[in-house]
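S.K.: Predicted model and sequence follow; I will ask about them next.
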Amino acid sequence: MDYEKSCGAAVYRRAECGLLVLVEWMRKGHVSIPKGHVEGKETERETALREIREETGLRVTIDEGFRRVVRYSPKEGVIKDVVFFAAEYAGGEIRVQPEEVTMAKFLPLSEAMEAVTYDTDRDTLRALGAYLEQRGIS
């Protein structure tokens, strides 16, 4: 059995209208949240920061207090773990990585949960909402 690992984050920002979450429309046809493969000896946090910067051009602050692992099999003989953190938007303009992402934008949490393709991403966003609510962030 082969093993793969990716890391990313549910990126949020606070706005007058409430909490907004970053969603990406991927070239492969699905809608997701930022993530990508660990490279070399990167830490999970380093991978998440790099992937967010590469895919969207945004700067974020990672909150390792929220850490969610999704395990699945992308193809026969492969097990993959994806580690998601919470990440607060810290600046920058969205500039997508055209090789992978066609569009990215911040949506209200409920709209982001409707937009994403996979239930695992939806569950991660739901968990993010509960985590931020517990911390008084809305």
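M.R.: Sure, I can see it. Numbers count the residues shown, from 1 in each chain.
S.K.: just checking, what's the longest helix in this structure?
M.R.: Assignment by DSSP state H gives helix 119-134 as the longest helix of the chain.
S.K.: average pLDDT for that one?
M.R.: Helix 119-134 shows a mean pLDDT of 97.
S.K.: swap in stretch 59-74?
M.R.: Regarding stretch 59-74, the rounded mean pLDDT is 96.
S.K.: With stretch 98-110 instead?
M.R.: Stretch 98-110 carries an average pLDDT of 97.
S.K.: Tell me the buried residues in that stretch?
M.R.: Going by neighbour count (16 or more other CB atoms under 10 Å), the buried part of stretch 98-110 is Val101, Ala104, Lys105, Phe106, Leu109. (C-beta placed from N, C-alpha, C; glycine too.)
S.K.: just stretch 47-66 next, same as before
M.R.: Residues 47-49, 51-53, 55-56, 58, 60, 62-63, 66 are the ones in stretch 47-66 that count as buried (16+ other CB under 10 Å).
S.K.: now stretch 122-130
M.R.: Across stretch 122-130, burial judged by 16+ other CB under 10 Å covers Arg122, Thr124, Leu125, Leu128, Gly129.
S.K.: any chance of those in JSON lines, with distance to Gly18 too?
M.R.: Output for the buried residues of stretch 122-130, formatted as JSON lines (distance: CB to CB, whole Å):
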{"residue": "Arg122", "distance to Gly18": "18"}
{"residue": "Thr124", "distance to Gly18": "19"}
{"residue": "Leu125", "distance to Gly18": "14"}
{"residue": "Leu128", "distance to Gly18": "14"}
{"residue": "Gly129", "distance to Gly18": "11"}
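S.K.: between the residues you listed, which is nearest Lys5?
M.R.: Nearest to Lys5 among those: Thr124, at 15.9 Å, using CB to CB.
S.K.: Show me the strands in this structure, by range?
M.R.: Assigned by DSSP state E, the chain shows strands spanning 2-15, 18-26, 31-32, 35-37, 59-72, 78-91, 101-108.
S.K.: returning to what we had before: now tell me what touches the longest helix of the chain from outside.
M.R.: Here helix 119-134 makes contact (CB atoms under 8 Å, 6 or more residues apart in numbering) with 10, 12, 19, 21, 32-33, 65-66, 68, 70, 72, 82, 84, 86, 109, 112-113, 116, 138.
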